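Student: with the input below, show me the fold.
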Amino acid sequence: MSADPRLIVALDLPTRAEAEAMVEILGDSVAFYKVGLQLLASGGMEMACDLKARGRDVFLDWKLHDIGATVEKATAAIVASGACDLLTVHAEPQVMEAAVRGRANERSAKILGVTVLTSLSGQDLAQIGYGMGVEALIERRVRQAVDAGLDGVVASPHEAALARRIGGPDFLVVTPGVRPAGAAMNDQARAATPAEALADGASHLVVGRPITAVADPRAVARAISDQMRPVAAAV
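Tutor: Numbers count the residues shown, from 1 in each chain. The predicted structure follows:
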């Protein structure tokens, strides 16, 4: 494959059929896919299993968030299905600890804590009711993720260095909000280029619309991989 394994393409498309068509278009230019909530109602789990069967890596961005017992059982069921390499939960201590219990000794599936959504700014957090800014909240949640035994976190490129410093060299730092130079920011308040995000400590980059919403997705995916390769892997 010509793909950089650190590039995760977000299949944030309306239907499984459209997502499958995008995978076919991208071919060997992408090895890792994110299946998020948009596909949940149209066969997201089945598609994840199919992608795994075809030799692709899968990031299930379900952002589990419920009482501990429910998160534990949901995590156990998802991990047992063999449908993912990465799974997200909200980075709250009870939720993260429950996910770790649910994953048990099955280490092939990595659990990530979602720190602060990349669409949120400091002003947004104040409106929600948080008494701290973006960086302070992310720092607290990264430390809690480490304490809970998670494998990594999801954080914007602007906080990748902070997460890397706290989590250490083997900690996964998965960064959405990555935009190639000249691409539209869309709803991402805290974005960066691929090279910037990797240099700051990201282990994986999640890219959606800059690849899936262009005329030639395969060419853009290859161009992004080319931008990534000169930057050494963080883990």
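Student: mind checking how far the helix or strand bottoming out on mean pLDDT in the chain is from the chain centre?
Tutor: Ranked by mean pLDDT, DSSP states H and E, the weakest helix or strand in the chain is helix 194-199, scoring a mean of 88. How far helix 194-199 lies from its chain's middle: 15 Å, per CA atoms, centre = their mean, to the nearest Å.
Student: residues making contact with it?
Tutor: Outside helix 194-199, the residues that touch it by CB atoms under 8 Å, 6 or more residues apart in numbering are 6-7, 157, 160, 175, 178, 180, 205, 207, 224, 227-228, 230-231, 234. The way it works is simple: take the backbone N, C-alpha and C, and place the C-beta from them, glycine included.
Student: buried residues in stretch 42-51, which are they?
Tutor: 43-45, 47-51 (16 or more other CB atoms under 10 Å).
Student: how far does the longest strand along the chain sit from its chain's centre?
Tutor: In the chain, with assignment by DSSP state E, the single longest strand is strand 57-64. Strand 57-64 sits 7 Å away from the centroid of its parent chain (CA atoms, centre = their mean).
Student: for stretch 115-127, same thing?
Tutor: Here stretch 115-127 is found 17 Å from its chain centre; the criterion is CA atoms, centre = their mean.
Student: what pLDDT, on average, does it get?
Tutor: Averaged over stretch 115-127, pLDDT sits at 87.
Student: give the buried residues for it.
Tutor: 115-118, 120, 122, 125.
Student: and the residue nearest the centre of the protein?
Tutor: Nearest to the mean C-alpha position of the chain, by CA atoms, centre = their mean, lies Val174 at 5.1 Å.
Student: go ahead and confirm it touches Asp151.
Tutor: No. Taking contacts as CB atoms under 8 Å, Val174 lies outside contact range of Asp151: 9.9 Å.
Student: need the overlap of contacts for these two.
Tutor: Joint contacts of Val174 and Asp151 (CB under 8 Å, 6+ apart) are Leu112.
Student: okay then, goodbye and thanks.
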